[in-house]
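In: With the sequence up front, the predicted model follows.
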Amino acid sequence: MSRIGKKPITIPAGVTVTVDGNNVVVKGPKGELTQNVNKAIKVNIENGVVTFEKTNETTQTNSMHGLYRTLVDNMIIGVTQGFSKNLTINGVGYKAVQKGEDIELSLGLSHTVTVKPMKDIKLSCPSPLEIKVEGISKEAVGQMAANIRAIRPVEPYHAYGIRYSDEVVIKKEGKKAGK
């Protein structure tokens, strides 16, 4: 039994939610998002409120009930407020430079790495040691941030590399000196 799936979602002003067969389309001031919903979940829109119903009581349907409710809620938040993730660069000589829509990273490799944004994603560099990923899709923003972080993950001895700004890096102790 999903407690999350039972919660109704109120549709804010300026946002339209439509159901076309198995597709839920959310349009708002920042853009439009579409989500395909499994046939086992029925989406109802009444009086500015979106609710989700299960057609059967299997374990898989119970888990999808809360999943699709959360996905549609994230879509509504995305088209009204948007999502962002901040990355921090740490290391001697490591930096990021904005080149149009792209970002060029110098990360101690033999070459610079150019990162191109995914569709509907905006990359920016508030400073040479910060990268900001913004967009309306929570999934796309998280994936883009993870792709950038994977270029140079944080190493545990000096904490050099790219990390999320709220990520805590626990440094390992180095070798003991002498006898």
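Out: That came through fine. Numbering: from 1, shown residues only.
In: what are the ranges of the helices in this protein?
Out: Taking DSSP state H to define them, one finds helices in the chain at 3-6, 59-80, 138-151.
In: Report the central residue of this structure.
Out: Closest residue to the average C-alpha location of the chain: Gly142 at 2.8 Å, with Cα atoms, centre = their mean.
In: Pretty sure that one sits against Gly78.
Out: No - Gly142 sits out of contact with Gly78 when judged by Cβ atoms under 8 Å, with a separation of 11.7 Å. The way it works is simple: take the backbone N, C-alpha and C, and place the C-beta from them, glycine included.
In: rewinding a little: for the residue nearest to the centre of the chain, give its distance to Lys54.
Out: 27 Å (Cβ to Cβ, to the nearest Å).
In: Identify the residues contacting the nearest residue to Asn74 once chain neighbours are set aside.
Out: Distance criterion Cβ to Cβ, 6 or more residues apart in numbering; nearest residue to Asn74, sequence neighbours excluded, is Lys138 at 4.7 Å. Under the criterion of Cβ atoms under 8 Å, 6 or more residues apart in numbering, the neighbours of Lys138 are 74, 77-78, 83.
In: JSON lines for these, including distance to Pro126 and pLDDT?
Out: Listed next are the contacts of Lys138 as JSON lines, based on distance: Cβ to Cβ, whole Å; pLDDT from 0 to 100:
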{"residue": "Asn74", "distance to Pro126": "25", "pLDDT": "95"}
{"residue": "Ile77", "distance to Pro126": "23", "pLDDT": "95"}
{"residue": "Gly78", "distance to Pro126": "22", "pLDDT": "95"}
{"residue": "Phe83", "distance to Pro126": "17", "pLDDT": "96"}
